[in-house]
Structure formats: C-alpha cells, structure tokens
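> After the sequence you'll find the predicted model.
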Amino acid sequence: MEKAENHKAGILDLPMLKIAKYVVYDILRNKFVLAYLLFLLLVSMSFFNLESDPAKGMMSLLNIILIVLPLVSIVFATIHLYNSYEFTELMLAQPLRRSDIFLGQYLGMAASLCIAFGIGVGVPVLLYEGTMRGAILVGCGLLLTLAFVSLAFLSTVLARDKARGIGIALLLWFFCTILYDGLVLMGMFAFSDYPLEKVIIGLAFLNPVDLARIAMLLQLDAAALMGYTGALFQHFFGSFWGGGLSVLAMLVWIVAPLWVATRIFRKKDI
C-alpha cells in the first residue's frame with residue numbers, strides 16, 4: 001500500500017504534470033474557458049429544448065461544433081502560448097527538458113479545453129441523448145479539440161511573431177473548415193468522368209473536421225441524404241475497419257503536429 005502511494009506521488013511530481021497543472025490554473029484565472037463552457041452549455045441546452053427530436057438537436061449542435069470548436073481551440077491556444085512566453089523562458093532557465101516543458105503546456109491547455117467541452121456539451125448530450133451516437137458526438141468533439149490544440153502549438157513554433165502565428169492558426173482553421181470542402185467539390189466536378197470512389201475516401205482522412213462530420217452524419221442516418229457519396233461513406237466508414245482507420249487517422253492528426261512542433265521547439269533558439 002505504501003509503495004503504491006509513493007508511486008502515485010512520484011507520478012504527480014513529474015515536471016510535465018506540474019507544468020500542466022500550473023497551465024490549467026492560469027487558464028482558469030483567465031476566465032475565457034469558463035465563458036466558452038457557458039456558451040457551449042447554453043447552446044446545447046437551447047438546441048435540445050427547441051427540438052422535440054434529440055437527433056435534430058444533435059444535428060444542429062454538430063454544425064456549431066464543427067465551426068466554433070476548432071476556431072476556439074486553435075486561436076485561444078495560440079494566443080495563450082504567445083502570452084505565456086515569459087513563463088516558457090523561466091521554465092527553460094530551470095534544469096528541465098524542453099520536451100517536458102512543451103508537452104506539459106500542451107497537456108494543461110488540452111485538458112482545460114476538453115473539460116470545458118465535456119461539461120458544456122457532454123452533460124446536455126448525456127441528459128437528452130445518452131446513447132452511442134451521443135457518445136460518438138462527444139468523442140469527436142474531444143478528438144477535434146486535441147487535434148486543433150496540436151495545430152496551435154505547431155503554429156506557435158513556426159512563427160516567432162505573434163501576429164504571424166495567429167495568422168497561420170486562422171489559415172489552418174479556414175482551410176480545414178471551409179476551403180478544403182470547396183476544393184474537394186471542385187475536384188469531383190472536374191474529374192466526374194473518372195472513378196473517384198477510393199480517392200474521395202482517401203481525401204476524407206486528410207481533414208480532421210471531415211472525419212468528425214462523416215462519423216456523426218452516419219450516426220444520425222443523414223448519409224441517406226447524401227446520395228451515392230453517402231452510401232459510399234456508409235459502406236466504408238460504417239465497417240469495423242473503416243471505423244478503426246478513422247480513429248487512427250484522428251490520433252495521427254493529434255500526435256503528428258505535436259511531434260513536429262516538439263522537435264522544432266527542442267532545437268529552437270528562444
């Protein structure tokens with residue numbers, strides 16, 4: 001028993017977790033995350049109360065999640081990192097590994113935004129639609145939050161200037177939520193005479209927002225409204241292997257940008 005308690009205390013004393021805890025406290029003092037939580041809670045409760053069918057409420061909520069959640073995650077994380085530059089310099093002056101400092105900040109930021117989303121959206125969904133499709137909606141939101149926080153950290157290390165870093169973050173958000181779908185549609189019309197089934201499925205993996213959208217639309221039986229494309233998505237993403245590849249792709253969107261950002265940060269002259 002004593003060994004288990006000592007082991008637990010040792011884990012909690014890790015520099016990475018200590019930094020993450022400080023970041024969470026700092027963000028809570030900012031009160032922006034609290035405002036974000038209240039906004040999501042108000043919107044979620046409104047949609048479910050206005051619609052007699054919980055599925056329609058979830059459809060309306062999905063549209064908000066796919067636009068607002070990535071925007072808040074990437075912009076807030078980017079701004080907070082630039083505003084915490086002095087804290088980062090202070091940590092670098094300590095006998096700590098750069099990767100611990102960087103990943104500790106990521107854990108604190110991601111935890112704060114995930115808790116806000118989990119309470120603001122997860123609680124209403126659990127109350128009104130405590131089913132598998134409700135769990136998938138919440139799961140997609142959490143994965144999107146983690147992915148766009150990773151992209152925010154990548155944006156920060158790519159640009160020393162705050163305005164340029166925020167610009168990169170906004171460009172990534174605009175590309176993933178709006179521009180990408182337009183480019184895909186243009187490509188489909190331009191090459192409509194060719195078999196594009198496998199290409200369309202492959203393109204879906206290149207955008208985390210599209211992956212979340214497809215996963216939820218299939219759960220809400222909205223794929224029938226998408227015609228042949230919906231049937232194609234239902235056949236592939238509705239299967240065991242398709243679902244597993246979707247989750248794996250989302251994990252890659254979380255890990256890959258963070259890994260690249262960590263490597264750059266370790267070699268960057270602060």
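Right, received. Where do you want to start?
> Tell me how many other residues crowd the nearest residue to Ile166 once chain neighbours are set aside.
Using CB to CB, 6 or more residues apart in numbering and skipping the chain neighbours, the partner closest in space to Ile166 is Thr78 (5.6 Å). Backbone N, C-alpha and C define where each C-beta goes, glycine included. Using other CB atoms under 10 Å, Thr78 is surrounded by 27 other residues.
> Can you name the next helix or strand after the host helix or strand of Thr78?
Per DSSP states H and E: Thr78 is located in helix 54-83. Scanning forward in sequence from helix 54-83 by DSSP H and E, the next helix or strand is helix 85-92.
> who's in contact with stretch 72-90?
Residues from elsewhere that reach stretch 72-90 (CB atoms under 8 Å, 6 or more residues apart in numbering): 23, 26-27, 30, 32-33, 36, 101, 105, 109, 113, 144-145, 148-149, 151-153, 155-156, 162, 165-166, 169-170, 172-173, 270.
> The helix holding Thr78 to helix 85-92, inter-axis angle?
In terms of direction (axes from the mean of the first three to the mean of the last three CA atoms, to 10 degrees), helix 54-83 departs from helix 85-92 by 70 degrees.
> Rounded mean pLDDT for helix 54-83, please.
Confidence for helix 54-83, expressed as mean pLDDT, is 88.
> buried ones in that helix?
54, 57-62, 65-66, 69-82 (16 or more other CB atoms under 10 Å).
> before we move on, back to that, of the contacts of stretch 72-90, buried ones?
23, 26-27, 32-33, 36, 101, 105, 109, 113, 144-145, 148-149, 151-153, 155-156, 165-166, 169, 172-173.
> Select from those residues every entry located in helices.
23, 26-27, 32-33, 36, 101, 105, 109, 113, 144-145, 148-149, 151-153, 155-156, 165-166, 169, 172-173 (DSSP state H).
> Leu34 contacts Leu28, correct?
Yes: here Leu34 reaches Leu28: they are 7.2 Å apart, a contact under CB atoms under 8 Å.
> contacting residues for Pro70?
By CB under 8 Å, 6+ apart, the residues touching Pro70 are 144, 148, 173, 176-177, 209.
> er, Pro257 I mean
Contact partners of Pro257, counting by CB under 8 Å, 6+ apart, are 147, 150-151, 153-154.
> what's the closest non-adjacent residue to Tyr128?
Sequence neighbours aside, Phe48 is the residue nearest to Tyr128 in space, at 4.3 Å (criterion: CB to CB, 6+ apart).
> The one you found is in what secondary structure piece?
Secondary structure from DSSP H and E places Phe48 in helix 32-50.
> Format the CA atom coordinates belonging to that helix as CSV.
What follows is helix 32-50, C-alpha atoms only, in CSV (Å, rounded to 0.1, in the frame of the first residue of the first chain):
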residue,chain,number,x,y,z
PHE,A,32,-12.2,32.7,-21.1
VAL,A,33,-12.5,28.9,-20.8
LEU,A,34,-15.4,29.4,-18.3
ALA,A,35,-17.1,31.7,-20.8
TYR,A,36,-16.5,29.1,-23.5
LEU,A,37,-18.0,26.4,-21.2
LEU,A,38,-21.1,28.5,-20.5
PHE,A,39,-21.6,29.3,-24.2
LEU,A,40,-21.5,25.6,-25.2
LEU,A,41,-23.8,24.7,-22.3
LEU,A,42,-26.3,27.4,-23.3
VAL,A,43,-26.3,26.5,-27.0
SER,A,44,-26.6,22.8,-26.3
MET,A,45,-29.5,23.2,-23.9
SER,A,46,-31.2,25.5,-26.3
PHE,A,47,-31.0,23.1,-29.2
PHE,A,48,-32.2,20.2,-27.3
ASN,A,49,-35.1,22.1,-25.8
LEU,A,50,-36.2,23.7,-29.1
